[in-house]
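Asker: how would this look folded up:
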Amino acid sequence: MASAGASAPARAEVLGLYRSLLRTARQFCDYNIREYTKRRTIDAFRHNQTLSDPSAVSSAFSDGKAQLELAKRQAVVYQLYAPKVKNIMDLKPPILKE
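Answerer: Next up, the predicted model:
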């Protein structure tokens, strides 16, 4: 695994971080938080995809790992205090029979 100051992380490490962040986003029970986390992850990776300086890439990767740890902790907290009523976006529409 690449260290923050030595060199840029490998492509596989960056893609693994991206997938981990998206998987963690799916763990949120609240639709709004889940979609915000997903959208924030996609936007951050798109914004940073043009980085070419190894130190800037390493810094962005370290920030991403910190965000992953934060998201994992928040997902646990949100599961502990999940709302009793589901959001309208989480409800499945009824199947209408003719």
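
Asker: helices and strands around the helix or strand where K72 lies, which ones?
Answerer: When elements are assigned from DSSP states H and E, K72 belongs to helix 54-80. The helices and strands touching helix 54-80, judged by 3 or more C-beta pairs under 8 Å, 6 or more residues apart in numbering; DSSP states H and E, are helix 11-26, helix 31-48. In short, each C-beta sits where N, CA and C put it, glycine included.

Asker: Mind doing that once more with 6 Å?
Answerer: Based on contacts counted as 3 or more C-beta pairs under 6 Å, 6 or more residues apart in numbering; DSSP states H and E, the elements that helix 54-80 packs against are helix 11-26.

Asker: buried residues in the helix holding K72?
Answerer: Buried residues in helix 54-80, counting neighbours by 16 or more other C-beta atoms under 10 Å, are found at 57-61, 64-65, 67-68, 71, 75, 78.

Asker: what's the closest of these to N32?
Answerer: Relative to N32, the closest of the buried residues of helix 54-80 is Y78; by C-beta to C-beta it sits at 10.9 Å.

Asker: Contact partners for that closest one?
Answerer: Neighbouring residues of Y78 by C-beta atoms under 6 Å, 6 or more residues apart in numbering: 28-29.

Asker: pLDDT at it, what is it?
Answerer: Among the per-residue scores, Y78 shows a pLDDT of 88.

Asker: what about the residue most central in space within the chain, distance to E98?
Answerer: By C-alpha atoms, centre = their mean, the chain has its centre lying nearest to L21, at 3.0 Å. Between L21 and E98 the computed distance is 43 Å (C-beta to C-beta, to the nearest Å).
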